[in-house]
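In: sequence-free structure coming up:
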């Protein structure tokens, strides 16, 4: 029989793995749009843009950026209970800025301040959802639920990529 500490340790390990897989998929999505031919993306699709005027893009893209970063906030909540909400939000913002900078350096897209803002807002939404859940749901149940939902969402993204999405690279 598993003790409460053993259950928590297993859950913490699961949370770490889920966060790592999520970040890999997120980078693959944001940088390479789920393309398998990354070399081709780097060689043949050189376009570099820089947009410092916020909220001038398409609403659909802004909403997508927000939604795809909500799990980041939730997973930071499950993995880093010892740091403050503001520190977690800083991690999300720094990650978003870093990804935008990588896009610029590799010339694989437009570096856009709107993306940083929407990514950060999405992460903040996830952090706030986690914080709300802290007051209403048992910690272990909440963290297991978040991990399971994130696993299911990642599986859906992969099914979508392999069977539906046709990358245009």
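Out: Structure's in. What do you need? Remember, it's a predicted structure, so these values are computed and weren't measured experimentally.
In: for the chain, which spans come out with low pLDDT?
Out: 1-2, 34, 37-47, 165-169 (pLDDT under 70).
In: Could you pick out the longest helix of it?
Out: Taking DSSP state H as the criterion, the chain has its longest helix at helix 4-32.
In: I'd like to know which elements it is packed against.
Out: In terms of contacts (3 or more Cβ pairs under 8 Å, 6 or more residues apart in numbering; DSSP states H and E), helix 4-32 is packed against helix 59-79, helix 85-106, strand 108-112, helix 139-163. In short, each C-beta sits where N, CA and C put it, glycine included.
In: Just the buried positions in it, please.
Out: Neighbour counts over helix 4-32 (16 or more other Cβ atoms under 10 Å) mark 11, 14-15, 18-19, 22, 25-26, 28, 30-32 as buried.
In: Going by distance to residue 52, which of these wins?
Out: The closest of the buried residues of helix 4-32 to residue 52 turns out to be residue 30 (Cβ to Cβ; 18.8 Å).
In: you'd agree the closest one is up against residue 99?
Out: Yes - contact status for residue 30 versus residue 99: in contact at 5.3 Å, counting by Cβ atoms under 8 Å.
In: show me what contacts the nearest residue to residue 127 once chain neighbours are set aside?
Out: In space, and not counting its chain neighbours, residue 127 is closest to residue 73: 3.9 Å by Cβ to Cβ, 6 or more residues apart in numbering. Residues near residue 73 by Cβ atoms under 8 Å, 6 or more residues apart in numbering: 88-89, 92, 122-130.
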